[in-house]
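**Q** Sequence plus the predicted model coming up.
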Amino acid sequence: MTVWIAVVATGIGCYGLKLAGLVVPQRVLGDPRVRRFSELVPVALLTALIAVQALANGRALELDAPRLAGMAAAVIALLLRAPFLVILLAAAVVTAGLRLSGL
């Protein structure tokens with residue numbers, strides 16, 4: 001039952017955030033600080049998600065060589081301005097190749 005309470009509470013919270021975005025006055029949304037904040041939050045959240053997925057295994061920090069090499073390949077492809085699909089494929093190919101080789 002506790003899980004369902006958390007699911008319902010999270011759903012209500014998400015709905016509330018979406019509703020707040022619709023009812024916030026335009027003058028607040030036009031503020032440069034709010035605009036800058038709304039541009040940077042998704043980047044920070046995505047970076048945190050990538051770091052957790054790449055460097056953690058459950059609750060433990062795990063520096064896995066294939067995953068780190070895959071992330072390095074993705075960063076290199078990103079710096080070369082490759083399309084998003086190419087970035088994903090580069091990371092996946094490098095990670096899978098190192099895992100197949102036994103690392």
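**A** That came in fine, so what should we check first? Numbers count the residues shown, from 1 in each chain.

**Q** center of this structure - which residue?
**A** Leu46 (2.4 Å; C-alpha atoms, centre = their mean).

**Q** roughly how far apart are it and Val28?
**A** 25 Å (C-beta to C-beta, to the nearest Å). (Glycine included, C-beta is placed from N, CA and C.)

**Q** Tell me which helix or strand the residue nearest to the centre of the chain sits in.
**A** helix 32-55 (DSSP states H and E).

**Q** tell me the helices in the chain, going along the chain?
**A** Along the chain, the stretches classed as helices by DSSP state H are 2-23, 26-29, 32-55, 65-79, 84-100.

**Q** Export those helices to TSV and append columns for mean pLDDT.
**A** Formatted as TSV, the helices of the chain follow (pLDDT from 0 to 100):
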stretch	mean pLDDT
helix 2-23	89
helix 26-29	84
helix 32-55	87
helix 65-79	92
helix 84-100	94
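
**Q** Pretty sure Ala65 sits against Gly97.
**A** No - between Ala65 and Gly97 there is no contact under C-beta atoms under 8 Å: 11.8 Å.
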